[in-house]
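*Asks:* Please find the sequence and the predicted model below.
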Amino acid sequence: MRRRPFAALLGLVLLAACATPPKPYDYTNYRAHLPRSILVLPPLNNSTAVEATYGCYTTVTRPLAEMGYYVYPVAEVDAFFKENGTPGAAEMQQVPLDRIRSVMGADAVLYLTVKDYGSKYVVVKSIATVTLAGKLVDTATGTLLWEGTATAQEQSGGSGLAALVQAVVTQVVNSSVDRSHRICGPAHALLFGVKDHGLLPGPYRPAGQTP
Amino acid sequence: MRARLAVLALVLLCGCATGPKPVFHWGPYEDLLYTDYAAPGKMPPEQQIAELERDYQKARAQGLPVHPGFHAHLGRLYYQIGKLDQARQEFSTEKAQFPESAVFMDRLLANLERK
């Protein structure tokens, strides 16, 4: 089944790095518990940018829904869990699966971590990077269905004095927040859509079509 | 540095024109979500409602369904400005369009009854 990642930015480089040699992910457990609905909780944030949590949380719906899954409305999920005793991503991601199942009715939970988020000024280039990791877990049995990581990077700048000036301007004027936020969507899309390592298509994606 | 990368995907300009059609209509929804977190209060609920209602008409004109969470979010915005009947309507529409949402939508509808 071929999958092409969705990306709309020129010069965007998408990398899917796996810890193990590049054989396809073993989808046996995933196929045995194929979910219709996926609850995405706010991501854990291991980056140095506090804005990464919502920068990435607000861009997960589209790529995940386009894979063919019911995605619970993220602002409502966030508010609900905050109103019910779990103030942040770390607490929310500790909520037991049976409680999630009874409260939300979700077939599976997607646990995300932002590992890298932000811009770096490297010689004459300004490089924005987002690295994500995800785990999909079946709520009925606790089975790990899938896990993966992906990185999206956007470079601007080139060589020469003009590029040097441009890179500094880019770094200072462009909020690194906005820039990293902009590539979070493509990072999710790659995480979910990469061939042989991404998610399986869900029930709303017509058979034979992949995003 | 890892010895091997599993996949290197180099993507240039979006070739979406020749790719598969989107399943759902997408408008300003994710931008509105982000603005709410990044700049709270910058876009009051009434303004967001206007944008989403406009977007709903666009989706209908295109003959595309709106995506998961669209109606639920509109419901929450209506609740925020005190329009409980409309909030109820939107949560019910979400539930009708996406039966997977029923448990959560019933919970949100029950919360409305307590107001």
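*Replies:* Structure received.

*Asks:* C-alpha only now, for contacts and for neighbours.
*Replies:* Fine.

*Asks:* any idea of the mean pLDDT in stretch A:92-102?
*Replies:* The pLDDT scores in stretch A:92-102 average 97.

*Asks:* Need the CA coordinates for it. CSV is fine.
*Replies:* Taking C-alpha atoms only, stretch A:92-102 is exported to CSV below (Å, rounded to 0.1, in the frame of the first residue of the first chain):
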residue,chain,number,x,y,z
MET,A,92,-3.7,13.5,31.0
GLN,A,93,-1.4,10.8,29.4
GLN,A,94,-1.5,8.9,32.7
VAL,A,95,-5.3,8.5,32.8
PRO,A,96,-6.1,4.8,32.8
LEU,A,97,-7.3,3.3,29.5
ASP,A,98,-10.6,1.9,31.0
ARG,A,99,-11.4,5.4,32.3
ILE,A,100,-10.8,6.9,28.8
ARG,A,101,-12.9,4.2,27.3
SER,A,102,-15.8,4.9,29.6
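
*Asks:* How about it, which residues are buried there?
*Replies:* A:92-93, A:97, A:100-101 (16 or more other CA atoms under 10 Å in any protein chain shown).

*Asks:* and of those residues, the nearest to A:Pro186?
*Replies:* Closest approach between those and A:Pro186, by CA to CA: A:Gln93, at 23.4 Å.

*Asks:* my guess is the closest one meets A:Leu110, correct?
*Replies:* No - counting by CA atoms under 8 Å, A:Gln93 does not reach A:Leu110; the two are 9.4 Å apart.

*Asks:* any shared contact partners between the two?
*Replies:* A:Leu41 (CA atoms under 8 Å, 6 or more residues apart in numbering or on different chains).

*Asks:* quick one: low-confidence ranges for the chain?
*Replies:* Just so you know, I chose chain A. Within chain A, the stretches falling below the threshold (pLDDT under 70) are A:1-21, A:157-177, A:208-211.

*Asks:* my bad, the chain I had in mind was chain B
*Replies:* B:1-19.

*Asks:* could you pull out the helices for it?
*Replies:* Using DSSP state H, the helices of chain B run over B:29-38, B:45-62, B:70-80, B:84-97, B:102-113.

*Asks:* So which of those is the most surrounded?
*Replies:* Greatest average neighbour count among the helices of chain B goes to helix B:70-80 (a mean of 23), per mean count of other CA atoms under 10 Å in any protein chain shown.

*Asks:* how far is that one from where the chain is centred?
*Replies:* Helix B:70-80 sits 9 Å away from the centroid of its parent chain (CA atoms, centre = their mean, to the nearest Å).

*Asks:* Report the angle between it and helix B:102-113.
*Replies:* 10 degrees (axes from the mean of the first three to the mean of the last three CA atoms, to 10 degrees).
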